[in-house]
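Participant: model the following, please.
(chains A, B, C and D)
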There are 4 protein chains.
Amino acid sequence: MKNVAVFGAGRIGRIHAGNVVALPGVRLKFVCDPVADSAAALAVQLGAQVATPDEVFADAGVDAVVIASPTDTHSALIQRAAAAGKHIFCEKPVDLSVSRAAECAAAVKAANVGCMIGFQRRFDPTFAEAQARLARGEIGVPEMLVVTSRDPGAPPAEYLKGSGGIFRDMLIHDFDIFRWILCTDLGDGGDAADTLYATGSVLVDPAIADVPDIDCSAVTIRTRKGRLAQINTSRRAAYGYDQRFEVLGSQGLLQCGNHRPTEVVQFDAASVRVDKPEHFFLQRYREAYRLELEHFFDGLQSGKPFRTSVADGVEAQKLADAAAQSLASGKVVTL
Amino acid sequence: MKNVAVFGAGRIGRIHAGNVVALPGVRLKFVCDPVADSAAALAVQLGAQVATPDEVFADAGVDAVVIASPTDTHSALIQRAAAAGKHIFCEKPVDLSVSRAAECAAAVKAANVGCMIGFQRRFDPTFAEAQARLARGEIGVPEMLVVTSRDPGAPPAEYLKGSGGIFRDMLIHDFDIFRWILCTDLGDGGDAADTLYATGSVLVDPAIADVPDIDCSAVTIRTRKGRLAQINTSRRAAYGYDQRFEVLGSQGLLQCGNHRPTEVVQFDAASVRVDKPEHFFLQRYREAYRLELEHFFDGLQSGKPFRTSVADGVEAQKLADAAAQSLASGKVVTL
Amino acid sequence: MKNVAVFGAGRIGRIHAGNVVALPGVRLKFVCDPVADSAAALAVQLGAQVATPDEVFADAGVDAVVIASPTDTHSALIQRAAAAGKHIFCEKPVDLSVSRAAECAAAVKAANVGCMIGFQRRFDPTFAEAQARLARGEIGVPEMLVVTSRDPGAPPAEYLKGSGGIFRDMLIHDFDIFRWILCTDLGDGGDAADTLYATGSVLVDPAIADVPDIDCSAVTIRTRKGRLAQINTSRRAAYGYDQRFEVLGSQGLLQCGNHRPTEVVQFDAASVRVDKPEHFFLQRYREAYRLELEHFFDGLQSGKPFRTSVADGVEAQKLADAAAQSLASGKVVTL
Amino acid sequence: MKNVAVFGAGRIGRIHAGNVVALPGVRLKFVCDPVADSAAALAVQLGAQVATPDEVFADAGVDAVVIASPTDTHSALIQRAAAAGKHIFCEKPVDLSVSRAAECAAAVKAANVGCMIGFQRRFDPTFAEAQARLARGEIGVPEMLVVTSRDPGAPPAEYLKGSGGIFRDMLIHDFDIFRWILCTDLGDGGDAADTLYATGSVLVDPAIADVPDIDCSAVTIRTRKGRLAQINTSRRAAYGYDQRFEVLGSQGLLQCGNHRPTEVVQFDAASVRVDKPEHFFLQRYREAYRLELEHFFDGLQSGKPFRTSVADGVEAQKLADAAAQSLASGKVVTL
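Facilitator: Just a heads-up that it's a prediction; the model follows:
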């Protein structure tokens, strides 16, 4: 039985905590959140106790921590957990600073604890199946990737002030998809980003310009082997959460569509309608969140490497930095 | 906190038991199964105790029972549960005999306990959404229903000997869909089957002819208001579990498609492929099984009528009887 | 160069005439229609001459006739054409009376002229591709057929008075599909209808009851080999012309969907929409009409049998008669 | 009656000639091709005469010319036709040189003849419907465009030597789509490309590197209003011709899918399959080719401006030049 502490009793913390309690062989022992009411409510609901970080790290009975607290707390918690010998599941990003993220990776390595970063999209059933087929060579060698990533609506400009900008806050997932799909070593030595060009605009909410940030972007990455990736993103899609990618290979194409709540088709005099995509990430990635935690604890058990390591977190962060630099300079960046 | 006993630790019993333990405010107290190992294994896994039926019905602390034991035990368990004042969730069918099913309905009524029959298809997200839109009048008045219901493969002829025949074993669900979609009172007084014609063949497995039974069927029902339903079923669909219906209304059509495991589309020189439907009922109706138990316990709490009552169980059984009679006689049956 | 006369300058005659002139090696010589203005307008537009039937049949230079005049003129024109040694393409039905249709078949045989009946659905690219795959054994042996056939709206009750009733006027095509898909000899000796049950209602337009006729129907056919077919039809589909069938085989399923004018998908806050099906038969079967005439003249050239013979016309008519008899009697009919 | 001469009796010339003869009020008078046999065969087939360019331009009875000859003959023929007062339909591109293309535009203007460039994609039913809905404001203001444009296979490297490179040969169509969708003045003053970045690789055929050329590319364009376009192209798609675009607007998304030959869906034990896209441009754009010529002659009749003018040809060419410059320099180009 693994004992777990969850940091953060907000939206994403509650999801992870709920998934922890449903896993066989895993017990949610502690919930930590500076907002006492949130922590208490979640702990009561799931039969756990409230604790402070100090209590968590001092408790030899805690095997692993799930970090779902605000971004600016991640690196400190990772380093404390590593020092305390606890295994770590941490929401993305590791840190908005690449150097601090790299320090976390070093700390994890030194402590020899497991550390998995929550790039849940790699556990989405559709995305994971596509990657598995790619890895089995079903469409030959990957050549081009097109990623579409659109939120249903922009968050308040105020929130975006602490976000690190669209590339670190939103595209971090898409950069990870890029690495997973075009750069994974499939027996060919793998690949890596060579040049990156990012542009973007404020088309959704003028207040976002004052952050300053942008609300839609177009990123192009060319790898060392000449593979090409294009990522298009927007903070607003009137029709909901739009999460797709397609990868062209030498022998075919794998296309990942959105998930829909139901398979009803309605025909009437005006139109033929299907469901809109699942509304937002909590719906679309519900199963992915469950599967990634299962993977984490399976990995702790089996000792096999995680599908999303702290190194993946650092590398995605580097691409986000490069994109920010390209946008600021208006130039192509070489990695 | 509601305490629950589950009868049956087989495939479907394990699903219901798992769903019971995940429900807030509900506790799985007992597992009953004459196969001691099965009962013990399930009880241990879910933190419950093994008990005999006598112990369950004698325990005043048990609020409700979930009956997922073999079909021929249903009616006796319903009647004992009613007599003991326990609320009842029972898998379909109530009983292979309409008269015994009617006795169960009477017993439930007399005891004034809740009794819900497990027509889980009414809780399938796609089917339920279609019915809700129909009920809101989105396609006008319902006129025609086409139900397609195909299993991935036929069970052994041996199993079918105790099944009551294809109409009672397999189409019982489709007859319930017919009643739900074409006969529900949507402010128009509702409707009911008037004539029924059933035909069928043995095309899948010749051994089924010796049961005797058929393995594919075509049923047509005309209602008192002249609405028309056609049900086509087969024990074998090479591509998996095929569960669809469509209802034509005066102002449009609602079509319910199959669910797919993923939304991957694969294009290559040979073809463009999407996923096959979810393999069988445990996959397709996974969410429906969860939602029907949630509905059951919500109903016990709120006192609102269940979506699928014991009367629904009896009525579906009558249609199955009529179909068997039509098949045997080669004639149209008037209900 | 084949010289052709077209009988009928109405909606369907104009389509056939237009297709005739576009075929290489075929010349539209005459247009015949008792409505002089219609005949003249079509002849002028396509560079042909107006003629009377007598002139057509007397002209040794006419190789073939295309009969697209009203139903009640078909059999007489077929017999005159056969007597005159002209090859014949005739719109369905051969005749509303099976015996007169059989006389036409005999006349055609005696005269040794080619005669093809316009079951254009067999030339629809989607339906034809499905049948070809079935014939190649791609889904094994055919077992069940479900045909959906719905018009966008009912014609005036007045029109229906001369139509011969829904089975002869509308389902004649569906009966032909049944024979084509379930009964064609694919090296297995073929199959034939054994029993037929038809029911139906007036749900669309009460005036249709006074014709008397029905406006929606449900037909079930069982073949000698035990194959099952269900046909559902309605005179009204609010969303347009709905023409689909699916055939289940021992190794798979072939499903034929509707055609859409465009492949635009529109996503917005309210819905995700695709095009409605092609509006009616002139749009849906535009290509089929072209291909069937091409097939007719290719057949005249090559001497190969037509895909839809006069015998097919007679057999479909027999099924329509059986359906009318079943509806009237409320009983199952044996063929 | 308009008399027309077609230059070029190759693949595309034959298509245009066939469409000319099917148009009411238009007559194919001459076919010109230096390959005498090709010219003669086409002329005989369609009832036209073979002629030299001199004869065509000297014949006062010729109203219009359709230029479907090799690219390097376009500008000279346009200028001669303009000088002779003939209206002009010319296949893309006007000329591989922007300055020569601009001279053509000037010549056309001076001669006051009609001149339409064959960007047939604007007449594809799906693309045209999407643009019409965009123009009606159905998805609000356009913000982002993603264009996918892939050929089924790369032509021989030898052919590519005279092609002007992938941007002028293949992406010229995509640049026109970009202008049509993101830059058309919809009452908002329109928009124009501001910066362009192009990268690419040789991934399909190493011989293409020696041309020198590339065989796949990724282009990003940002407009003056900040709208973003990404174009991804490849000379090879194992599954056929892939021609899609989607445009995100402030209130929704319009997605244009590929066309399929049929609507058959095949389900079996291995997979669920739909048709591959139409194989190549002659199939996919068959209807578009017909519609664009109809539009050309309608425009000559009505005097309304063409949907694709010679100016559109020049502007697309400028974008192709900018892309070539960006690729060569590795830098972002400002237009």
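Participant: flag every residue of the stretch 201-335 of chain A that's near chain B.
Facilitator: Within the stretch 201-335 of chain A, the positions near chain B by Cβ under 8 Å from any Cβ of the partner chain are A:251-259, A:261-269. The way it works is simple: take the backbone N, C-alpha and C, and place the C-beta from them, glycine included.
Participant: which of the residues you listed are close to chain D?
Facilitator: Restricting these to those near chain D - Cβ under 8 Å from any Cβ - leaves A:Gln251, A:Gly252, A:Leu253.
Participant: export those residues as TSV, with columns for secondary structure.
Facilitator: What follows is these, written out as TSV (DSSP: H, G, I helix; E, B strand; the rest coil):
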residue	secondary structure
A:Gln251	coil
A:Gly252	strand
A:Leu253	strand
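Participant: of these, grab the buried ones for ChimeraX.
Facilitator: Listed next is the ChimeraX selection for buried residues among these, using 16 or more other Cβ atoms under 10 Å in any protein chain shown:
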select /A:251,252,253
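Participant: what's the closest of the ones next to chain D among the residues of the stretch 201-335 of chain A next to chain B to A:Leu96?
Facilitator: A:Leu253 (35.1 Å; Cβ to Cβ).
Participant: what sits closest to that closest one if chain neighbours are left out?
Facilitator: B:Phe267 (4.1 Å; Cβ to Cβ, 6 or more residues apart in numbering or on different chains).
Participant: part of a strand, is the one you found?
Facilitator: Yes: under three-state DSSP, B:Phe267 sits within a strand.
Participant: ok, back up a step: tell me the one of the ones next to chain D among the residues of the stretch 201-335 of chain A next to chain B nearest A:Ala22?
Facilitator: Closest to A:Ala22, out of all of those and judged by Cβ to Cβ, is A:Leu253, at 36.1 Å.
Participant: the closest one and A:Thr199, how far apart?
Facilitator: 26 Å (Cβ to Cβ, to the nearest Å).
Participant: can you check A:Leu248 too?
Facilitator: 23 Å.
Participant: re the thing from before, any idea what the residue nearest to A:Leu253 is bridged to?
Facilitator: Beta bridges link B:Phe267 to A:Leu253, B:Val272, judged by DSSP bridges.
Participant: since we're on it, how many residues are nearby?
Facilitator: B:Phe267: 26 surrounding residues under other Cβ atoms under 10 Å in any protein chain shown.
Participant: secondary structure element for A:Pro152?
Facilitator: Assessed by DSSP states H and E, A:Pro152 sits outside every helix and strand.
Participant: for it, grab phi and psi.
Facilitator: The phi/psi pair for A:Pro152 (degrees, to the nearest 10) reads phi -70, psi -30.
Participant: quick check, pLDDT for it.
Facilitator: Listed pLDDT for A:Pro152 reads 97.
Participant: that one contacts A:Gln243, doesn't it?
Facilitator: No: the pair A:Pro152 and A:Gln243 does not pass the contact test of Cβ atoms under 8 Å, sitting 10.9 Å apart.
Participant: more crowded one of those two?
Facilitator: A:Gln243 (28 against 18).
Participant: burial count for A:Val141?
Facilitator: 14.
Participant: now do the contacts for it.
Facilitator: A:Asp188, A:Gly249, A:Ser250 (Cβ atoms under 8 Å, 6 or more residues apart in numbering or on different chains).
Participant: quick check: closest non-adjacent residue to the first one.
Facilitator: When the adjacent residues along the chain are set aside, A:Asp188 lies closest to A:Val141, with 7.2 Å between them (Cβ to Cβ, 6+ apart).
Participant: now the strands for the stretch 201-335 of chain A?
Facilitator: A:216-223, A:228-234, A:242-249, A:252-256, A:264-268, A:272-274, A:333-334 (DSSP state E, counting those that start in this stretch).
Participant: what's near enough to touch A:Asp215?
Facilitator: A:Ala154, A:Ile166, A:Gly200, A:Ser201, A:Val202, A:Leu203, A:Val204, A:Asp205, A:Ile208, A:Ser234, A:Arg235, A:Arg236 are the contacts of A:Asp215 under Cβ under 8 Å, 6+ apart.
Participant: let's see which of the residues you listed end up in helices.
Facilitator: Cross-referencing the contacts of A:Asp215 against helices under DSSP state H gives A:Ile166.
Participant: kindly reformat the contacts of A:Asp215 as JSON lines containing distance to chain C and neighbour count.
Facilitator: Shown next, in JSON lines, are the contacts of A:Asp215 (distance: Cβ to the nearest Cβ, whole Å; neighbours: other Cβ atoms under 10 Å in any protein chain shown):
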{"residue": "A:Ala154", "distance to chain C": "15", "neighbour count": "20"}
{"residue": "A:Ile166", "distance to chain C": "22", "neighbour count": "27"}
{"residue": "A:Gly200", "distance to chain C": "22", "neighbour count": "24"}
{"residue": "A:Ser201", "distance to chain C": "21", "neighbour count": "20"}
{"residue": "A:Val202", "distance to chain C": "21", "neighbour count": "20"}
{"residue": "A:Leu203", "distance to chain C": "17", "neighbour count": "23"}
{"residue": "A:Val204", "distance to chain C": "15", "neighbour count": "18"}
{"residue": "A:Asp205", "distance to chain C": "17", "neighbour count": "19"}
{"residue": "A:Ile208", "distance to chain C": "21", "neighbour count": "21"}
{"residue": "A:Ser234", "distance to chain C": "13", "neighbour count": "27"}
{"residue": "A:Arg235", "distance to chain C": "16", "neighbour count": "24"}
{"residue": "A:Arg236", "distance to chain C": "11", "neighbour count": "18"}
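Participant: now the stretch 1-150 of chain A against chain C: closest residue?
Facilitator: A:Arg150 (10.3 Å; Cβ to the nearest Cβ).
Participant: that residue bridge partners, please.
Facilitator: Those that pair with A:Arg150 in a beta bridge, by DSSP bridges, are A:Ser234, A:Asp242.
Participant: would you agree it is in contact with A:Arg244?
Facilitator: No: with contact defined as Cβ under 8 Å, A:Arg150 does not count as touching A:Arg244 (9.2 Å).
Participant: tell me the residues of chain A that contact chain C?
Facilitator: Residues of chain A lying near chain C (Cβ under 8 Å from any Cβ): A:237-239, A:267-269, A:271-277.
Participant: could I have the buried ones of those residues as ChimeraX selection syntax?
Facilitator: Filtering the residues of chain A next to chain C down to the buried ones (16+ other Cβ under 10 Å) takes a single ChimeraX command:
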select /A:237,238,239,267,268,271,272,273,274,275,276,277
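Participant: ok, the residues of chain A next to chain C vs chain D, which is closest?
Facilitator: A:Ala238 (4.8 Å).
Participant: so what's the closest one up against?
Facilitator: Contacts of A:Ala238 by Cβ under 8 Å, 6+ apart are C:Phe267, C:Asp268, C:Ala269, D:Ile139, D:Gly140, D:Gly249, D:Ser250, D:Gln251, D:Gly252, D:Leu253.
Participant: which among these gets closest to B:Thr184?
Facilitator: C:Ala269 (30.5 Å).
Participant: the nearest residue to that closest one once chain neighbours are set aside and A:Asp213: what is the separation?
Facilitator: Closest residue to C:Ala269 apart from its sequence neighbours, by Cβ to Cβ, 6+ apart: A:Ala238 at 4.7 Å. As judged by Cβ to Cβ, A:Ala238 and A:Asp213 stand 21 Å apart.
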